Every structure is written in C-alpha cells, then in structure tokens.
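Engineer: Could you look at this predicted model? Sequence included:
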There are 2 protein chains.
Amino acid sequence: MKENKKINPHPYIERYDLERIFPEEFIPKVTVYTFTKGDVLFAPGETLYDMYLLVEGKIKIFTLTPEGKSLINRFKRPLGVVGDVEYVKGNSVINSVEAVSDGVMLVASFEDLKVLERNHPPFIRFLLETVAHKFYSESQASSLHMLYPVEVRLASYFLSISSDGEGTLFHQEMRTANLTELAEWVGTSYRHLNRVLKKMVSDEIIERANGSIKIKDLEKLRDLANGNIYE
Amino acid sequence: MKENKKINPHPYIERYDLERIFPEEFIPKVTVYTFTKGDVLFAPGETLYDMYLLVEGKIKIFTLTPEGKSLINRFKRPLGVVGDVEYVKGNSVINSVEAVSDGVMLVASFEDLKVLERNHPPFIRFLLETVAHKFYSESQASSLHMLYPVEVRLASYFLSISSDGEGTLFHQEMRTANLTELAEWVGTSYRHLNRVLKKMVSDEIIERANGSIKIKDLEKLRDLANGNIYE
DNA sequence: AAGGCTTTAGGACATATGTCCTTTCCGGAA
DNA sequence: TTCCGGAAAGGACATATGTCCTAAAGCCTT
C-alpha cells in the first residue's frame, strides 16, 4: 500500500458524506493510499499509527494460526474502517489484512484524530457506531459458528448472498471468490465443505454446474438455516 | 430485578470513579436496581429503554437456540455494561442475561443518556472503550473457538483463571460454578468436557479430587494452550 | 498443442464431538 | 437418618469434521 498524491480525497469525502465526520479543516490532514489485489496490508503484531477508511475495493480480515490454518473473520467494503479498535485500545494489530481487489483508503494519523476527537464529537460517534456494529455481527457469527454444524452455516451464507432480500449491500461483503476461500469463511476445511455441498445437491437444495452454485430451492434453504443468517 | 430506592447510588459512583462519566447533575437521574441469584434479567427480543451498569454481583450473557442448546458468551462483573450496543444500534436485546449471584445495577434511561451524550463527551468515550473491549475479546474468543479443539480451549481457560499472572481481576470473570456451566462456556457438551478432563488427568496436567480441579503441571498446560488465552 | 499450476471432486481413514443412557455420589429437605 | 434430585463419571454408539491423497478439469503461458 502506498501513498498516492495524485488522488484527491474530496470525491470520496463527498461520495460517502464524510463531511459529517471530518470537518472541512481536517481534510488537508487526510492522505490517500492505494493498494493492489493480493497486497498484504497489515500483519498481526504491527504497531499502528493511523486509521484507515476503505473507500474503494475489498479487503479481508483473517486469522492465521501457527499451524498454518486460516480463518476469515470478515470482509470489508467501503465504508469499512481499519484501526478503530487499535486506536481506542492502543494495542497492536490483531489480525492479518489482505487486499481482495485493488482499492483505495483514506488515512488519518491517530495523533490528528485525537485532536479531532476532542473538538468534533461526531467523529467519536461514528467510531462508536462502527465498533458497535462490528461487535454485533461478530457476536452473531460467533454464536452461529459455535452452535450449528457447517451445513447450517453454509445455508445461512447462501441465504445472505442470495439477492432475494433487500439488504444486498452488506451481504455482498462476504461473497467469496472460490471454494477454498468459502471454506475459510465458513470455518471448515475445503474437504468438508465439498462434502456438505454434495449433500445439498442430493437434497436438491442447490445445483452445481462447472464451479458455479445455484440455489434451487430457497424454501429448503431457509428451513435449513433455521432463522440464522449472517447479519 | 427491581428498583430499590433505599440504596443510594453515591457510594458506587465513588467506588468506581463514575464522576468522570456521570457529571454531578446527572446523578439524580440514576436509579438503583437490585437482583437475586438466578433472576432472568433480560430476554432476547425485549426492547430496552435503559442502560445498566453492573456495580455488584455477577451475571452471565448467553445464547439459547430453539433446539435448547445453551452457549455462554461472556460473564460480567463490575463494571460491566448492559444495553450499550442496544443503545447505539437501536435494536432489541440479542442474548439472554441471567444473574449468577445477587447484585446491584445502576440504571439510566436512553432518553437521559442521549442528552448526556451531547453535553458530556467523556460518556461517549466510555461507551466507545467498553464496546471496543467487548469486540476485541469476542473476536479473540471466536477465533480460538473456531480454530482449536476443546482441549486447547480448556487449557486456555485454566491458564486464564490460574492465579499465576497479574491480571487476576478480569480472569475471575469467567470462573464457573460447575462443570455443566464450564461446558457451556467452553462451548461443548458436558460429556465431551468430561472426556477431555479425563485425558488431561491421565496426561498429568491436572488433578481431580471430589469435584475440584487442580493444576498440576503449568508448563504442559501452557504448551497445550499454545499461546492462546482468553483475554 | 503441450506443459504446468490452480481449482474442483471425492475416496479412505482418523479424530473430535455429540447423544443417550446408567451408575454413583453428595448435600439438602423432610 | 432417610430420601430425593442434581451433579459427576463414564460406556456405547452416531455424527461432524479433519487429514492425506489421487484424479480429473480448467485455465494460463509458452
């Protein structure tokens, strides 16, 4: 990820109504960084001095164990925030962060933000809402993972990305590129994911044709997900 | 849980330095509620109009599935907060909350807090820190649960309550009353917990004598927990 | 078109965990 | 003291999930 002075932050400020968070006089302190698909943006243990606002592209937050297992905690799209918890708690980066696509971040230093926080309450309100939302969805996902088998979690995942309902916006956040990634997202092995998919096919819930998956029976899917849905 | 006008909030305000959060003129709006061990304090779906500050006793937050499974999300001791996320996000209660011991809560209405929030930034700062901490530990616990088998989680649990390190304070929060509760906390069945305990005994990591568990080999425990610890 | 890498698909087997049930033990109520 | 219900301990079996491996298909590069 590197600073890119050619890009003007203003269009993004406008597009996402960031004036309510960043007053006019703060904007000069905001810099623009770009990144490329596959970039490792942050690594665990790293000390953070800035907060990042994703305004373009998609990134994933994941945990790597010493044994090499990988678990995707969440995806972020605009207007995702990176570094909020580190800013508040003052600790170092917890998870790995990687670019899933090319993208753009707005960056502001913790130092500047501390001043902003004192003079401009809406900023801290924004942070609070961000973190509250993160907590809420993390908490939901965690319960779902602990209490239900992969089949249910997977059904829940399919439901959430099916363009059926309204809230397609957030749901898109977790669309995965391939089955390996889907496995890491659902929190299981590729092998087992495959097994469950096969069962869903034989139960006539989904159809598989050359790599792509289609939902065949939305009702059965709902039954299976049993009211649970990734928020 | 019921209002108890006999109890004066001031001693609690002082004990926990709540003056920084609640300015003098706000304190008259704070009421005191008491509860008794076993009380169901909140049920999922309930609409909340107040925020609660636990100042005495211990409560547990847990999820109940339609199938009757139970999973303990976390325990709270003073100065735990209930209703913070609901206040920020405006949604209804997510989990069940039950009193593990007798206790006392300070209560303030969302309505009053909204006014306070506008006039008194430290309050919203407090909320932000509370929620950030909750998110952080939820996130850690969630990864631990997803990535490691019960044996590791259990080792991690024992480590965290062993009065070895400094941070005994927070760790006490999750001391459980009996094995059934411990199972719900670690996120497994009683049967399986028992199995894992037995293995730990035969590995000479712990000792069991009439219901109580003693750590025999802290080193082995650390190896097993593998750097993971409930925060 | 050929070779090589990634992704998909699934067999065989091992391990982790759940469900159901029985027995024993212990402390409190009668 | 006796009785009862909950908590502890563990056997037997079923299910969920992981690990390791092989083969085929798809796609990019040369």
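Structural biologist: Thanks, I have it. Numbers count the residues shown, from 1 in each chain, chains lettered A, B, ... in the order given.
Engineer: Chain A: strands as residue ranges?
Structural biologist: For chain A, the strands defined by DSSP state E occupy A:2-3, A:31-35, A:40-42, A:50-56, A:59-64, A:70-76, A:81-82, A:96-99, A:103-109, A:206-209, A:212-215.
Engineer: quick one, which of these is nearest to residue B:45?
Structural biologist: Closest of these to residue B:45 is strand A:70-76, at 25.2 Å (criterion: C-beta to C-beta). C-betas here are computed from N, CA, C, even on glycine.
Engineer: buried ones in the closest one?
Structural biologist: Neighbour-count burial for strand A:70-76 flags A:71-76 (criterion: 16 or more other C-beta atoms under 10 Å in any protein chain shown).
Engineer: Let me know the pLDDT of residue A:215.
Structural biologist: Here the pLDDT value assigned to residue A:215 is 85.
Engineer: do the lengthiest helix in chain A and DNA strand D meet at all?
Structural biologist: In chain A, assigned by DSSP state H, the helix with the most residues is helix A:121-147. No: with C-beta under 7 Å from any atom of the strand as the measure, helix A:121-147 is seen stopping short of DNA strand D, the closest distance being 8.9 Å.
Engineer: That helix and DNA strand C in contact?
Structural biologist: No: counting by C-beta under 7 Å from any atom of the strand, DNA strand C is not contacted by helix A:121-147; separation bottoms out at 8.3 Å.
Engineer: In chain A, where is pLDDT below threshold?
Structural biologist: Scanning chain A for pLDDT under 70 picks out the ranges A:163-176, A:210-211, A:230-231.
Engineer: Who are the contact partners of the residue nearest to residue A:214 when sequence neighbours are not counted?
Structural biologist: Nearest residue to residue A:214 in three dimensions, chain neighbours excluded: residue A:207, at 4.6 Å (C-beta to C-beta, 6 or more residues apart in numbering or on different chains). Contacts for residue A:207 (C-beta atoms under 8 Å, 6 or more residues apart in numbering or on different chains) come out as A:201, A:213-214, A:216.
Engineer: quick check, nearest of these to residue A:17?
Structural biologist: residue A:213 (35.8 Å).
Engineer: Around DNA strand D, which positions in chain A sit nearby?
Structural biologist: For chain A, the contact set with DNA strand D under C-beta under 7 Å from any atom of the strand comprises A:69, A:149-151, A:187-189, A:191-192, A:195-196, A:210-211.
Engineer: So which of these belong to helices?
Structural biologist: Secondary structure from DSSP H places A:150-151, A:191-192, A:195-196 of the residues of chain A next to DNA strand D in helices.
Engineer: Show me what the spatially most central residue of chain A is bridged to.
Structural biologist: The residue lying closest to the centre of chain A (C-alpha atoms, centre = their mean) is residue A:75, at 2.1 Å. Beta-bridge partners recorded for residue A:75 (DSSP bridges): residue A:60.
Engineer: do you know how far residue A:2 is from DNA strand D?
Structural biologist: To DNA strand D, residue A:2 is 24 Å away according to C-beta to the nearest atom of the strand, to the nearest Å.
Engineer: Contact partners for that residue?
Structural biologist: Applying C-beta under 8 Å, 6+ apart, we find residue A:2 in contact with A:33-35.
Engineer: Does the residue nearest to the centre of chain A touch residue A:99 like I think?
Structural biologist: No: Residue A:75 is beyond contact range of residue A:99, at 11.2 Å (criterion: C-beta atoms under 8 Å).
Engineer: Among the buried residues of strand A:70-76, give me the pair with the biggest separation.
Structural biologist: In these, the most distant members under the criterion C-beta to C-beta are A:71 and A:76, with 15.7 Å between them.
Engineer: residues from chain A in reach of DNA strand C?
Structural biologist: So chain A meets DNA strand C at A:178-180, A:190-191, A:194, A:197-198, A:208, A:210-211 (C-beta under 7 Å from any atom of the strand).
Engineer: Now restrict the residues you listed to buried residues only.
Structural biologist: For the residues of chain A next to DNA strand C, a burial check counting by 16+ other C-beta under 10 Å picks out residue A:197.
Engineer: closest to chain B among the residues of chain A next to DNA strand C?
Structural biologist: For those, the residue nearest chain B by C-beta to the nearest C-beta is residue A:190; the value is 15.4 Å.
Engineer: Report how many residues lie close to the closest residue to residue A:122 other than its chain neighbours.
Structural biologist: Of all residues not flanking residue A:122 in the chain, residue A:20 sits nearest, at 5.5 Å (C-beta to C-beta, 6+ apart). Neighbour count of residue A:20, defined by other C-beta atoms under 10 Å in any protein chain shown: 12.
Engineer: go on, residue A:66?
Structural biologist: Neighbours of residue A:66 using other C-beta under 10 Å come to 8.
Engineer: For the residue nearest to the centre of chain A, give its distance to DNA strand D.
Structural biologist: 20 Å.
Engineer: just residue A:94 next, same as before
Structural biologist: Distance from residue A:94 to DNA strand D, by C-beta to the nearest atom of the strand: 22 Å.
Engineer: Quick one: residues contacting that residue.
Structural biologist: Residue A:94 sits next to A:44, A:85-86, B:136, B:139-140 when contact means C-beta under 8 Å, 6+ apart.
Engineer: let's see 10 Å
Structural biologist: A:42, A:44-46, A:61, A:63, A:73, A:85-86, B:136, B:139-140, B:143 (C-beta atoms under 10 Å, 6 or more residues apart in numbering or on different chains).
Engineer: closest to residue B:95 among the residues you listed?
Structural biologist: Within these, proximity to residue B:95 (C-beta to C-beta) peaks at residue B:139, which comes in at 16.5 Å.
Engineer: okay but the closest one is in contact with residue A:61, surely?
Structural biologist: Yes: contact criterion C-beta atoms under 10 Å: residue B:139 and residue A:61 qualify, at 9.4 Å.
Engineer: what sits in contact with each of those two?
Structural biologist: A:73-74, A:94-95, A:134.
Engineer: Next, format those as TSV and append distance to residue A:28.
Structural biologist: TSV is the format used below for those (distance: C-beta to C-beta, whole Å):
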residue	distance to residue A:28
A:73	34
A:74	31
A:94	31
A:95	31
A:134	29
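Engineer: Show me which of those residues is closest to DNA strand D.
Structural biologist: The closest of the shared contacts of residue B:139 and residue A:61 to DNA strand D turns out to be residue A:73 (C-beta to the nearest atom of the strand; 15.7 Å).
Engineer: Just to check, the closest one is in contact with residue A:64?
Structural biologist: No: the pair residue A:73 / residue A:64 is not scored as a contact, 11.0 Å apart, by C-beta under 10 Å.
Engineer: can you list residues touching both of these two?
Structural biologist: With C-beta under 10 Å, 6+ apart as the test, residue A:73 and residue A:64 both reach A:95-96, B:143.
Engineer: so how far is residue A:16 from the residue nearest to residue A:74 when sequence neighbours are not counted?
Structural biologist: Using C-beta to C-beta, 6+ apart and skipping residues adjacent in sequence, the residue nearest residue A:74 is residue A:61, 5.3 Å away. Distance of residue A:61 to residue A:16, given as C-beta to C-beta, to the nearest Å: 20 Å.
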